[in-house]
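In: Quick one, structure for this:
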Amino acid sequence: MDPDLAPIVRWLEAGGERPAWIEVAAESPATKCLADQWEALRVDERGVLAKRWEAAGGCGE
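Out: Alright, predicted model coming up:
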């Protein structure tokens with residue numbers, strides 16, 4: 001697994017609560033950027049990290 005994505009997937013699978021900044025601070029810039037988008041992230045049934053989005057009309061996934 002990509003080393004930038006692995007911590008995000010691990011945190012989401014561990015309960016889905018946003019990690020404390022002290023946990024995120026030691027990670028790569030890419031991981032920090034993803035952690036900043038926490039509310040939009042999920043892990044699908046295949047274990048793939050996905051980002052939810054909402055179109056201008058209010059639809060999206």
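In: need the helices for this protein, in chain order.
Out: With DSSP state H, the ranges of helices along the chain come out as 6-13, 21-24, 29-35.
In: Turn those helices into TSV, including distance to residue 54, mean pLDDT and mean neighbour count.
Out: C-beta coordinates here come from the backbone N, C-alpha and C atoms, glycine included. Listed next are those as TSV, based on distance: least, CB to CB, whole Å; pLDDT from 0 to 100; neighbours: other CB atoms under 10 Å:
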stretch	distance to residue 54	mean pLDDT	mean neighbour count
helix 6-13	19	95	16
helix 21-24	24	94	12
helix 29-35	18	96	15
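In: how about a markdown table for those helices, with distance to residue 51 added?
Out: Shown next, in a markdown table, are the helices of the chain (distance: least, CB to CB, whole Å):
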| stretch | distance to residue 51 |
| --- | --- |
| helix 6-13 | 10 |
| helix 21-24 | 17 |
| helix 29-35 | 9 |
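In: Could you report the neighbour count for residue 40?
Out: Applying other CB atoms under 10 Å, we find 12 residues neighbouring residue 40.
In: picking that back up, for residue 53, find the nearest of the helices of the chain.
Out: When the helices of the chain are compared for distance to residue 53 using CB to CB, the nearest one is helix 29-35, at 14.2 Å.
In: Name the residues that touch that closest one?
Out: For helix 29-35, the external contacting residues (CB atoms under 8 Å, 6 or more residues apart in numbering) are 4-5, 7-8, 18-19, 24-25, 27, 41.
In: circling back to that earlier point, out of the helices of the chain, which comes closest to residue 46?
Out: Using CB to CB as the criterion, the shortest distance between residue 46 and those is 11.4 Å, found for helix 6-13.
In: Alpha carbons only: can I get that closest one in PDB?
Out: Presented in PDB, the C-alpha positions along helix 6-13 are these (Å, rounded to 0.1, in the frame of the first residue of the first chain):
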ATOM      1  CA  ALA A   6      -1.600   3.700   4.700                       C
ATOM      2  CA  PRO A   7      -2.000   5.800   7.900                       C
ATOM      3  CA  ILE A   8      -5.300   7.300   6.600                       C
ATOM      4  CA  VAL A   9      -6.700   3.800   5.800                       C
ATOM      5  CA  ARG A  10      -5.500   2.500   9.200                       C
ATOM      6  CA  TRP A  11      -7.100   5.300  11.100                       C
ATOM      7  CA  LEU A  12     -10.400   5.000   9.200                       C
ATOM      8  CA  GLU A  13     -10.600   1.300   9.700                       C
END
